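A.B. asks: Just to be clear, the model below is a prediction. Sequence and coordinates:
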Number of protein chains: 2
Amino acid sequence: MSTRGTAAPADQLTVRRSNLSLVLQHLRDAGPRSRARIASDTGLNKATVSSLVAELIDRGLVSEGEVQRIGSVGRPGLSVELAGGTVVGVGVEVNADFVDVTALDLTHSVVLSARTPADMRALGEERALGLLVRCLREAFDALAGRGCTVVGTTVAVPALVDSRAGRVAVAPNLGWTDTPLADRLAVALAGHPVLGGAEPAVTVDNDANLGAIAEHALGVGRDADDLVYLAGEVGVGCGMVVGGTLVRGATGFTGEIGHAPLNPRLERCGCGRVGCWETQVGLGVLLQGCAHGPDDPLLDPAGDIDSRLGLVRDRAAADDERTCETLERVGIALGLGASVLVNIVNPRVLVLGGYFGLLAPLLLPYVVETLTERVVAPDGGGVEVRASELGFAAASRGGAVVALQTVFADPTRVGSPAV
Amino acid sequence: MSTRGTAAPADQLTVRRSNLSLVLQHLRDAGPRSRARIASDTGLNKATVSSLVAELIDRGLVSEGEVQRIGSVGRPGLSVELAGGTVVGVGVEVNADFVDVTALDLTHSVVLSARTPADMRALGEERALGLLVRCLREAFDALAGRGCTVVGTTVAVPALVDSRAGRVAVAPNLGWTDTPLADRLAVALAGHPVLGGAEPAVTVDNDANLGAIAEHALGVGRDADDLVYLAGEVGVGCGMVVGGTLVRGATGFTGEIGHAPLNPRLERCGCGRVGCWETQVGLGVLLQGCAHGPDDPLLDPAGDIDSRLGLVRDRAAADDERTCETLERVGIALGLGASVLVNIVNPRVLVLGGYFGLLAPLLLPYVVETLTERVVAPDGGGVEVRASELGFAAASRGGAVVALQTVFADPTRVGSPAV
């Protein structure tokens, strides 16, 4: 219902920038191809494409690949493709149990991945921030050593995040409140050589939002423009992609399904309320349920979370009664909450992320049975439930994808054209 | 993440149609104004605007209004505006308790509004369809008598609707299953003079979706592009507008919050499941809760629903104990379910529609208190709870708005330009 205003006239530089972006995005979405093919795909003329590709090569964003022979006669075309391994986006996940740093290059290949286990809540906000900066500096040093340039850093936090202001409003499972995270990290990281002289571009977002972006960009939801990503961590939240776009809501606080009053036993949640869904399906609840006493290694916060979940899988395989009962109870509760999302949002794909994904073979039968029973639309509204293949690294991957988007939107942010 | 394909070249007719649409929509959104003002607002040149306006006048879509003097000197400009009262869209709501027909003209003014109380479920599908056709024929006759042309008809159904196919998949509170409603109505209405020789364009949609469209187009949500409309009827559903667009989901089955498992007492729902939210907040539950015995006029399905709700208000004003207790119980449950939506979707405005809107002064204190307690985002995520002013006519208004959209999108669908 909006009106079309008079558009400002696009000057030549704006048009050039927009066409550079078009070619770079086309190579990302459609894969390596010849200049002639890019011209016919995009509708740009061949001379323009040659000039644009030359500039993208100068800027280190595109490289020439193998010779492609089109048909059987005529000159062979040289294929061009996104440059790998040089320009990277960095994603960081601040989890209750660890800090995960991932760097992806333009092709979305992993250039660096490092996880540091830590009880982030116990550390307190200041020391947790110190650890975060240390993890990032180490990653930056390693990337500098490999000759990479970092175009941006996006931090995933299990929190209500004001992403425009780069502030964490409330992170109940970290104990943070009103933290100006983007600004503090930008100050701490300024001047690092890997930034290529640029100001450190740091943004902050909700972990489930970034998980949804990762699944949509490079995960099991690549083929789905209507997707819900359910993040199973200490807390539980979701990210929603509708019509190919992340839903941010009126003030950026979507996806808080974890505090839906679905637990009839009215147990107390970490947020202070009673009956929240998290009290039935959060990672802590699962581990407590499976543990044999307080000294069970499942409950050791210093233990790597992937190993602890491996222990759960081993015990389930050995038919451990506590473990099997807990998985059934959590699986049914997971299906109930998932049905609320599917009934409201009607996604094509529901991605089980975090520990839900890592235990998917054990949880899925209960989830699917409960969904089938509770979803009102015929045939479950056509939803497919899929296990994430990104494990606990989905949010940091999504952060790296977002950091890279700045380059795809404006390739002139990197390097300079040869004169 | 999509690629730009080569656009088909726009021919002159396509450009003309698109510019006619632009001017017509601009008059709808910005109000009456001179041709010169339209030219400066839209960036079209004055001669083009004059020619476009002339054609819109020929087609009966625009009329010349009062003289506008721009500044103190120069020729006074004649204002043009949307033509009222001639070209109309028809919306129909098939409710469990009534059939409501509304015709709106291009200015969204009500040209006709008629409600027929009926126990639609008790009638059975065939007789209910017969009544629906009769109501529509009566409305068409009345509109023909006033010299109107009907450009389309959209039917709101409390159901899972495949709106692309015009089919009702399941309407639990009507007892309909897999009904090809659009086709059946098109056949029954064909040849009516009010259609101006055109095929009857009948579409079908979910009632809460159309309620959301009405609130966004002409109701209390006019200023909000992120809006949730909660329809309190026998069943309870919601329509969601995100970024100005209705969310339809992967297969068109969004908004089914009514069957979220929020009732810990596990009461049996009309859908066959247990514990659905509807079993706490549906209209039948409210009326049963307030009624003094089975012969209470509140429970008479032949009684007009507005009058029955008036009785509830009277009893609340007289401090009737059953009524006050029921309103408190329903208000708290309403707030709980609303908090699930607000936590997930983070709307700017939550519109209470149907009976929730008509009893809003009595329910709102409980709703707001519960929302404040249960919404995780600071300050409730900024949501404002507003009572609909459209009562039970929201969905039929929304239907009429949708029917009119076809003309705003393509003004050449109506009339013909003078040669």
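C.D. replies: Looks like it came in fine. Residues are numbered from 1 along each chain as shown, chains lettered A, B, ... in the order given.
A.B. asks: got the contact list for the helix or strand bottoming out on mean pLDDT in chain A?
C.D. replies: Here the helix or strand of chain A ranked lowest by mean pLDDT, DSSP states H and E is strand A:62-68, holding a mean of 79. With contacts defined as Cβ atoms under 8 Å, 6 or more residues apart in numbering or on different chains, strand A:62-68 is touched by A:24, A:27, A:32-34, A:53, A:56-57, A:76-84. Using the backbone N, CA and C atoms, a C-beta is placed for each residue, glycine as well.
A.B. asks: tell me the SS of A:Pro347?
C.D. replies: Following DSSP: H, G, I helix; E, B strand; the rest coil, A:Pro347 is assigned to coil.
A.B. asks: was I right about it contacting B:Gly249?
C.D. replies: Yes: assessed by Cβ atoms under 8 Å, A:Pro347 is found in contact with B:Gly249 at 6.9 Å.
A.B. asks: So those two - more neighbours on which side?
C.D. replies: A:Pro347 (29 against 24; other Cβ atoms under 10 Å in any protein chain shown).
A.B. asks: rewinding a little: shared neighbours, A:Pro347 and B:Gly249?
C.D. replies: Between them, A:Pro347 and B:Gly249 share the contacting residues A:Asp226, judged by Cβ under 8 Å, 6+ apart.
A.B. asks: could you point out where the stretch 1-150 of chain A is predicted with low confidence?
C.D. replies: A:1-10, A:67-77 (pLDDT under 70).
A.B. asks: What strands flank the least confident helix or strand of chain A, and is each parallel or antiparallel?
C.D. replies: Using DSSP bridges, the strands paired with strand A:62-68 in its sheet are strand A:77-82 (antiparallel).
A.B. asks: hmm, who's touching the partner strand?
C.D. replies: Residues outside strand A:77-82 that contact it (Cβ under 8 Å, 6+ apart): A:24, A:27-28, A:31-38, A:53, A:57, A:61-70, A:105-107.
A.B. asks: now those: which count as buried?
C.D. replies: Taking 16 or more other Cβ atoms under 10 Å in any protein chain shown as the criterion, what is buried in the contacts of strand A:77-82 is A:24, A:27-28, A:32-38, A:53, A:57, A:61-63, A:105-107.
A.B. asks: and A:Leu311, how many neighbours does it have?
C.D. replies: 17.
A.B. asks: and the closest residue to it other than its chain neighbours, how many neighbours does it have?
C.D. replies: Of all residues not flanking A:Leu311 in the chain, A:Leu298 sits nearest, at 5.9 Å (Cβ to Cβ, 6 or more residues apart in numbering or on different chains). Using other Cβ under 10 Å, A:Leu298 is surrounded by 21 other residues.
A.B. asks: before we move on, what about A:Ala400?
C.D. replies: A:Ala400 has 36 nearby residues by other Cβ under 10 Å.
A.B. asks: Surely it and A:Val101 touch.
C.D. replies: No: taking contacts as Cβ under 8 Å, A:Ala400 lies outside contact range of A:Val101: 9.2 Å.
A.B. asks: Need the overlap of contacts for those two.
C.D. replies: By Cβ under 8 Å, 6+ apart, A:Ala400 and A:Val101 have these common neighbours: A:Val90, A:Gly91.
A.B. asks: Identify the residues contacting the residue nearest to A:Leu311.
C.D. replies: Shown in contact with A:Leu298 (Cβ under 8 Å, 6+ apart): A:Leu287, A:Cys290, A:Ala291, A:Arg308, A:Leu311, A:Val312.
A.B. asks: Filter those residues down to the buried ones, PyMOL style.
C.D. replies: A single PyMOL command is used to select the members of the contacts of A:Leu298 judged buried by 16+ other Cβ under 10 Å:
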select buried, chain A and resi 287+290+291+308+311+312
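A.B. asks: SS state for the spatially closest residue to A:Ala212 that is not a sequence neighbour?
C.D. replies: Spatial nearest neighbour of A:Ala212, chain neighbours left out: A:Gly239 (2.8 Å); criterion: Cβ to Cβ, 6+ apart. What three-state DSSP gives for A:Gly239 is strand.
A.B. asks: What residues does the stretch 151-300 of chain A have near chain B?
C.D. replies: Proximity of the stretch 151-300 of chain A to chain B, by Cβ under 8 Å from any Cβ of the partner chain, involves residues A:160, A:169-170, A:216-217, A:224, A:226, A:238, A:240, A:242-245, A:247-257, A:259-262, A:264, A:271, A:273.
A.B. asks: Can you list which of those are found in helices?
C.D. replies: Among these, the residues falling in helices (DSSP state H) are A:His216, A:Ala217.
A.B. asks: Could you turn the buried ones of the residues of the stretch 151-300 of chain A next to chain B into a PyMOL selection?
C.D. replies: To isolate the buried ones among those in PyMOL, judged by 16+ other Cβ under 10 Å, type:
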select buried, chain A and resi 160+169+170+216+217+224+226+238+240+242+247+248+249+250+251+252+253+254+255+256+257+259+260+261+262+271+273
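A.B. asks: Which residue ranges of the stretch 201-350 of chain A form strands?
C.D. replies: Per DSSP state E, counting those that start in this stretch, the stretch 201-350 of chain A carries strands over the ranges A:202-206, A:227-232, A:236-242, A:245-246, A:349-354.
A.B. asks: same thing with the stretch 1-150 of chain A?
C.D. replies: With DSSP E, counting those that start in this stretch, the ranges of strands along the stretch 1-150 of chain A come out as A:33-34, A:62-68, A:77-82, A:87-94, A:98-105, A:110-117, A:149-157.
A.B. asks: looking at those strands, which is buried most?
C.D. replies: Ranked by mean neighbour count, those are led by strand A:87-94 with a mean of 28 (mean count of other Cβ atoms under 10 Å in any protein chain shown).
A.B. asks: Settle this for me: A:Asp58 is touching A:Pro411, isn't it.
C.D. replies: No: using Cβ under 8 Å, A:Asp58 is not in contact with A:Pro411; the gap is 10.5 Å.
A.B. asks: out of the two, which sits in the busier spot?
C.D. replies: Per other Cβ under 10 Å, whichever of A:Asp58 and A:Pro411 has more neighbours is A:Pro411, with 26 against 14.
A.B. asks: nearest residue to the more buried one other than its sequence neighbours?
C.D. replies: Spatial nearest neighbour of A:Pro411, chain neighbours left out: A:Leu20 (4.4 Å); criterion: Cβ to Cβ, 6+ apart.
A.B. asks: Tally up the residues packed near that neighbour, please.
C.D. replies: The tally of other residues near A:Leu20 (other Cβ under 10 Å) stands at 23.
A.B. asks: do A:Arg167 as well
C.D. replies: If you count neighbours by other Cβ under 10 Å, A:Arg167 ends up with 17.
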